[in-house]
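Trainee: pasting the sequence and the predicted coordinates here, then a few questions.
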Amino acid sequence: MTDETIPSVFRPPRDWEAVFAADTNTYTFGEEPSQLARTTLSFFRVFGGDPENAVALDLGCGEGRDTLYLAATGLRVVARDIAPTGLEKMAALFQKHGLSMSRVDAAVQDVRDFAYPEAEYDIALAANVFQFLPPEEAPEHIGKLQRTTKAGGLCAVGVFSPAMLAWGADLEGLFCAAPDELMACFPADAGWRLLDRTEYWTYRPQEDTMASFTYVIARKAPADGN
């Protein structure tokens, strides 16, 4: 016998403004960047990307940890989130780290209302945001995100993995994808080169839950074919 208890059922929040506003002095996911942002920036550099002459999209930026990370390298960043308090905490995070937001275009916006400009971004990042769309809507928005990616640019998407349904996770009405399913959204015959395909589990001590996520990073074929 053991005193260890089974983690609670994972029930994703639906009201992110309430989550971020619950404690304005604490960052819900911490201040360190997501692994998706870290890995994407690493690949950006591998392919010769110059942050000082590039622009990134952080769609569903939350409290700004990835926006901060990207902007600190010199990237111009377009940051959008549905929660006003998230953007307020982003501004405070930049101030805390002594960084200017002069290269950041931040605004409150639902991802469903985002314009998705054609071939605009060297890095198009959507870390754990499309999962909150209905399953029938999310693939369309992944396609729109891909179209915003410049030739030779990187598109990075993270969503819930259905693996956590085995733990009784409540994902009703939310989008989730296994690694192969998300990878299939980036077909090679459409000009995508797969760079990273990851599924990981994480324990969330603040909620005493287990959660699982799928990440894919892909590069759009460059104009010169290299």
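Mentor: Okay, I see it.

Trainee: which ones are touching the most centrally placed residue in the chain?
Mentor: Residue closest to the mean C-alpha point of the chain, counted by CA atoms, centre = their mean, is residue 127 at 1.0 Å. By CB atoms under 8 Å, 6 or more residues apart in numbering, the contact list for residue 127 reads 34, 36, 37, 58, 60, 66, 156, 158. All C-beta spots, glycine's among them, are computed from the backbone N, C-alpha and C.

Trainee: ok, which stretches of this structure are helices?
Mentor: Counting by DSSP state H, the segments of the chain that form helices are 16-21, 35-46, 65-71, 84-96, 138-148, 179-183.

Trainee: what average pLDDT does the fourth one get?
Mentor: What helix 84-96 shows for mean pLDDT is 98.

Trainee: swap in the fifth one?
Mentor: Looking at helix 138-148 alone, the average pLDDT works out to 97.

Trainee: what comes up buried for that helix?
Mentor: 138, 139, 141, 142, 144, 145, 146, 148 (16 or more other CB atoms under 10 Å).

Trainee: who wins for most neighbours among the contacts of residue 127?
Mentor: Neighbours here are counted as other CB atoms under 10 Å. On that basis the top member of the contacts of residue 127 is residue 58, with 32 neighbours.

Trainee: quick check: beta-bridge partners of it?
Mentor: Under the criterion DSSP bridges, residue 58 forms beta bridges with residue 79, residue 125.

Trainee: what do you get for residue 214?
Mentor: The residues listed as beta-bridge partners of residue 214 by DSSP bridges are residue 159, residue 199.

Trainee: same check on residue 176?
Mentor: With DSSP bridges as the rule, residue 176 is bridged to residue 160.

Trainee: that one contacts residue 158, correct?
Mentor: No. Here residue 176 does not reach residue 158: they are 11.2 Å apart, not a contact under CB atoms under 8 Å.

Trainee: what's the overlap in contacts for those two?
Mentor: Overlap between the contact sets of residue 176 and residue 158, as judged by CB under 8 Å, 6+ apart, is given by 131, 214.

Trainee: list the contacts for the closest residue in space to residue 40 that isn't next to it in sequence?
Mentor: Nearest-residue entry for residue 40: residue 156, 4.4 Å, with adjacent residues in sequence omitted and distances by CB to CB, 6 or more residues apart in numbering. Shown here is residue 156, whose contacts under the criterion CB under 8 Å, 6+ apart are 36-37, 39-40, 123-127, 215-218.

Trainee: could you measure from residue 156 over to residue 121?
Mentor: Distance check for residue 156 against residue 121: by CB to CB, to the nearest Å, it reads 11 Å.

Trainee: same check, this time on residue 150
Mentor: Residue 150 sits 6 Å away from residue 121, going by CB to CB.

Trainee: on that earlier part again, ok, of the contacts of residue 127, which one's closest to residue 75?
Mentor: Checking the contacts of residue 127 against residue 75 with CB to CB, the nearest one is residue 58 at 9.7 Å.

Trainee: alpha carbons of stretch 111-122, in PDB - could you do that?
Mentor: The C-alpha coordinates for stretch 111-122 follow below in PDB (Å, rounded to 0.1, in the frame of the first residue of the first chain):
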ATOM      1  CA  VAL A 111      -7.800  34.000 -32.400                       C
ATOM      2  CA  ARG A 112     -11.000  33.400 -34.400                       C
ATOM      3  CA  ASP A 113     -11.000  37.100 -35.300                       C
ATOM      4  CA  PHE A 114      -7.400  37.300 -36.200                       C
ATOM      5  CA  ALA A 115      -6.800  38.400 -39.800                       C
ATOM      6  CA  TYR A 116      -4.000  35.800 -40.500                       C
ATOM      7  CA  PRO A 117      -2.100  37.900 -43.100                       C
ATOM      8  CA  GLU A 118      -0.500  36.000 -45.900                       C
ATOM      9  CA  ALA A 119       3.200  35.100 -45.700                       C
ATOM     10  CA  GLU A 120       3.900  37.700 -42.900                       C
ATOM     11  CA  TYR A 121       5.800  35.800 -40.200                       C
ATOM     12  CA  ASP A 122       9.200  34.200 -40.000                       C
END
